[in-house]
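> The sequence isn't on hand, but the structure is:
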């Protein structure tokens, strides 16, 4: 089939750059200022790590989402609310929930059975309000499939269509000089290819040959003229020929070629003799830039020469994608090229030991690092031959590559996979940037005089309400108590009878008690109140244009051989190394679910009273550093995840009341006085009320009575808030030796691994697999990105 289409988007975009509005800069300083102003609001992006992409109907989907500041190359520490939505394959929203973000990471789960999803393809989107305002395309999107026999069986009889695109490096083809031409073969089914032979013809005679890579990309050099006809032909594996005419030659202009020489980047600018006469003493400007960072300088073509060569040491480039732009003396953009600067890898992981213990396997994850940084990881553990996990993208490709290219990238994770040689990957990556590397932003958007409005990141939730029938002379304040956490506050009522409470970190359906406070006698009375929690539950449809990068996920068209009850509805709780004694029924604590992987509840018995005289002694043995002095008590976490490295403090409750500041009240409390202690070491426990030190709840034997009176307080239920954290549980399959489990089953999921030492031990379920794979994603506090696949021989 002959394709008569030619991809001219890049060429037209660059031509349009010459037609910018009158507000282009006049000096290099103005260029820098306008560029900086355009990126005043840092762009943030989300990567979603799923425990797998193919699920049985009554399984749970588990995820860890990572938020990254693309300008600073560090985790996005400023946002707290992650909106997670599920859409069907038409973009219609099925559900929307909010999850708490701590230090740039959010974890959670979605009960697929409760959504009653039919077998088919669905999409999970994770975003923040800030990202949706700045650039919604940077939201995280993952495709997932619910397995089963579908009502519609795909019998796609559409003929495969090909689009052969020819793209000049830099955007221009100039006659009389050598130009680099990129080749990209696209198909309607996004298939991969073996090396395809290609031919360059002049007047139907072959003048050069080339071969494509696995993604249908290649390049060749051409010295064209205006009188001859040029054509490119690719031969597919079945012998079909795809051809494309090459046109758009310019008799005057400049061409660009970029070469990578290990330590340096060479930019070669060439022109022909006719153009060279017009370049005498003409000043040009070169800029290397990314996300508001820019390095620039001026240059001239050497006297009597038609080529200007510029060399950059790679260590002067920015991490990841760099945009090279060439301007004339009027600051009209002439040429543009994207290059990639591979970041240094400072951390390596390996499994240094395995040990079978009953129905579990103990794994030791070790790290070798050059810098002292805490790593936050999530790990999916699956059978070695799994078909359920899509490795199409990774946290590295999602943050260092995909935000800078338009259109779909085939298998972006390939360019950072150590399964292939680095030389091959970097060569293919440069071809990608040559053939698809037109920047996601336009210079005419940058060259605007007005400054960008600095956007604020909202923290938590707000409650806005109205009070009816109050005595304005003496009822001007509200008493509000969170019945889940025990916290309370006094809120001013505005003259128009409205009130607002900001920065609340509450779970969905949190109960509040609210009362009108009498200014004169401090007595409470029931108010008549109307209120709303903000932001409201996000409700939107999915922009189908955003699905290009995930629609290439392979799906099982029909899977009708799933035995009934292959996955049991019963749960097997995940195993952990630290053995707590959970003697009460699992239920929600004040600030986190008791099923958290890092949570333990102790019912104090005689053995505890003999082992730990003070209750602080028991706390010290369960993940916290306790410092007792005659004047005070200080408690900090042993496993921090903070930029400062300072161990954070936990939230502490005594009989339901939160202890603020001085902990001296704990000094003389003996273990024999305590009925129970709940400890949650998770950094995200506390819903943002603390600095990541976890939660401790102490309940004395005599208990305590709630303050307040039901006759003087109204009860209200928050209609939005954070989803409750749940601890991962292993699905119970009726066979761990079946092909069905090996293809689509899940062994374990670890969403909250914090490594601040040389190794960490954790347990996984022993499913009697001989080999398993660990799919690991994460980042460090200073922004290094981690993506590893580790195969383990259990025997």
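Sure, I can see it. Since the model is a prediction, treat every value here as computed from it, not as a measurement.

> Going by secondary structure, residue 777 is in what exactly?
In the assignment (DSSP states H and E), residue 777 maps to strand 771-780.

> can you check residue 616 too?
Assigned by DSSP H and E, residue 616 belongs to helix 615-620.

> circling back to that earlier point, mind listing what's buried along the strand holding residue 777?
Of the residues in strand 771-780, those with enough neighbours to count as buried (16 or more other C-beta atoms under 10 Å) are 772, 773, 774, 775, 776, 777, 778, 779, 780. In this view, the C-beta of every residue, glycine as well, is placed from N, C-alpha and C.

> Backbone dihedrals for the closest residue to residue 735 other than its chain neighbours, please?
With sequence-adjacent residues excluded and distances taken as C-beta to C-beta, 6 or more residues apart in numbering, residue 735 is closest to residue 741, at 6.0 Å. Geometry field for residue 741 lists phi and psi as phi -70, psi -40, criterion degrees, to the nearest 10.

> in stretch 624-636, what counts as buried?
When burial is assessed from 16+ other C-beta under 10 Å, stretch 624-636 yields the following buried residues: 624, 626, 628, 633, 635, 636.

> chain center to that stretch, what's the gap?
Mean C-alpha position of stretch 624-636 versus that of the full chain (C-alpha atoms, centre = their mean, to the nearest Å) differs by 38 Å.

> Mind listing residues that contact it?
614, 616-617, 619-620, 637-638, 647-650, 652, 662-664, 666-667, 679, 681, 693-694, 696 (C-beta atoms under 8 Å, 6 or more residues apart in numbering).

> List buried members of those residues by neighbour count.
Members of those that pass the buried threshold by neighbour count (16+ other C-beta under 10 Å) are listed as 614, 616, 619-620, 637, 647-650, 652, 663, 666, 679, 681, 693-694, 696.

> Strands - which of those land there?
Here DSSP state E is the test, and the buried ones among the contacts of stretch 624-636 give 637, 652, 679, 696 as lying in strands.

> Would you point out the most distant pair within these?
Of all pairs drawn from those, the greatest distance, 11.9 Å, lies between 637 and 652 (C-beta to C-beta).

> What strands line up against the strand holding residue 777, and which way round?
When pairs are called by DSSP bridges, strand 771-780 turns out to pair with strand 375-383 (antiparallel), strand 785-793 (antiparallel).

> any chance of these in a markdown table, with mean pLDDT, mean neighbour count and distance to residue 765 too?
What follows is these, written out as a markdown table (pLDDT from 0 to 100; neighbours: other C-beta atoms under 10 Å; distance: least, C-beta to C-beta, whole Å):
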| stretch | mean pLDDT | mean neighbour count | distance to residue 765 |
| --- | --- | --- | --- |
| strand 375-383 | 96 | 24 | 8 |
| strand 785-793 | 95 | 18 | 14 |
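
> Figure out which of those is closest to residue 185.
Taking C-beta to C-beta as the criterion, strand 785-793 is the member of the strands paired with strand 771-780 that comes nearest to residue 185, at 27.9 Å.

> any idea which helix is longest in the chain?
helix 422-436 (DSSP state H).

> what about that helix, distance to the chain center?
When C-alpha coordinates are averaged (C-alpha atoms, centre = their mean), helix 422-436 and its chain have centres 23 Å apart.

> How far away from the center of its chain is stretch 397-410?
For stretch 397-410, the gap between its own C-alpha mean and the chain's C-alpha mean amounts to 13 Å (C-alpha atoms, centre = their mean).

> Let me fix that, I meant to ask about stretch 173-184.
Centroid displacement of stretch 173-184 relative to its chain, using C-alpha atoms, centre = their mean, is 38 Å.

> Kindly report the same for stretch 106-116.
18 Å.

> ends of that stretch, how far apart?
25 Å (C-alpha to C-alpha, to the nearest Å).

> Return the set of buried residues in that stretch.
Counting neighbours by 16+ other C-beta under 10 Å, one finds that the buried residues in stretch 106-116 are 106, 107, 108, 109, 110, 112.

> Would you mind giving these as CSV with pLDDT added?
Conversion of those to CSV gives the following (pLDDT from 0 to 100):
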residue, pLDDT
106, 96
107, 96
108, 96
109, 96
110, 95
112, 93
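
> if you look at these, which of them are in strands?
For these, membership in strands holds for 106, 107, 108, 109, 110, with DSSP E as the criterion.

> what's the closest of those residues to residue 301?
For these, the closest approach to residue 301 (C-beta to C-beta) belongs to residue 106, at 52.5 Å.

> Quick check: that closest one vs residue 683, distance?
For residue 106, the distance to residue 683 (C-beta to C-beta, to the nearest Å) stands at 12 Å.

> For stretch 742-751, what is the distance to the chain centroid?
Relative to the centre of its chain, stretch 742-751 is centred 21 Å away, using C-alpha atoms, centre = their mean.

> so what secondary structure elements neighbour the helix holding residue 616?
Judged by 3 or more C-beta pairs under 8 Å, 6 or more residues apart in numbering; DSSP states H and E, the packing partners of helix 615-620 are helix 606-611, strand 624-628, strand 633-637, strand 674-680.

> Of all these, which one is nearest residue 277?
In terms of C-beta to C-beta, the element of the helices and strands packed on helix 615-620 nearest to residue 277 is strand 633-637, at 71.3 Å.

> quick one on the thing from earlier: from memory the residue nearest to residue 735 sits against residue 383, does it?
Yes. Here residue 741 lies in contact with residue 383, judged by C-beta atoms under 8 Å, at a distance of 6.9 Å.

> For residue 744, what are phi and psi?
phi -130, psi 0.

> and it, how many neighbours does it have?
Residue 744 has 28 neighbours, counted by other C-beta atoms under 10 Å.

> Run through the residues that contact it.
Counted by C-beta under 8 Å, 6+ apart, residue 744 has contacts 52, 54, 55, 56, 147, 386, 387, 388.

> and the gap between the third one and residue 661?
Between residue 55 and residue 661 the computed distance is 47 Å (C-beta to C-beta).

> How about the last one?
Residue 388 is 49 Å from residue 661, where distance means C-beta to C-beta.

> and which of the contacts of residue 744 is nearest residue 68?
For residue 68, the nearest member of the contacts of residue 744 is residue 52. The distance, counting by C-beta to C-beta, is 22.7 Å.

> pretty sure that closest one contacts residue 746?
Yes. Between residue 52 and residue 746 a contact is recorded at 5.8 Å, counting by C-beta under 8 Å.

> Can you pull the residues that touch both of the two?
Counting by C-beta under 8 Å, 6+ apart, the contacts common to residue 52 and residue 746 are 380, 382, 388.

> Surely the last one touches residue 741?
I take that to be residue 388. No. Here residue 388 does not reach residue 741: they are 10.1 Å apart, not a contact under C-beta under 8 Å.

> Walk me through the domains of this protein.
The chain breaks down into these domains under automatic domain parsing: 44-155+539-549, 461-534, 578-700.

> and among the ones you listed, the most buried is which?
Between the domains of the chain, the one whose residues have the most neighbours on average, counting mean count of other C-beta atoms under 10 Å, is domain 44-155+539-549 (a mean of 19).

> quick one: that one to chain centroid distance?
For domain 44-155+539-549, the separation from the chain centroid amounts to 10 Å (computed by C-alpha atoms, centre = their mean).

> same thing with stretch 648-660?
From the chain centre to the centre of stretch 648-660 is a distance of 32 Å (C-alpha atoms, centre = their mean).

> repeat for stretch 611-625
Taking C-alpha atoms, centre = their mean, the mean C-alpha location of stretch 611-625 is offset from the chain mean by 37 Å.

> And for stretch 507-515?
Centre-to-centre, stretch 507-515 and its host chain are 31 Å apart (C-alpha atoms, centre = their mean).

> again with stretch 731-749
Centroid separation between stretch 731-749 and its chain, computed with C-alpha atoms, centre = their mean, is 27 Å.

> Show me what counts as buried in it.
Residues of stretch 731-749 classed as buried: 731, 733, 736, 740-749 (neighbour count, 16+ other C-beta under 10 Å).

> for stretch 754-770, same thing?
Taking 16+ other C-beta under 10 Å as the basis for neighbour counts, the residues of stretch 754-770 that come out buried are 754, 755, 756, 760, 762, 763, 764, 765, 766, 767, 769.
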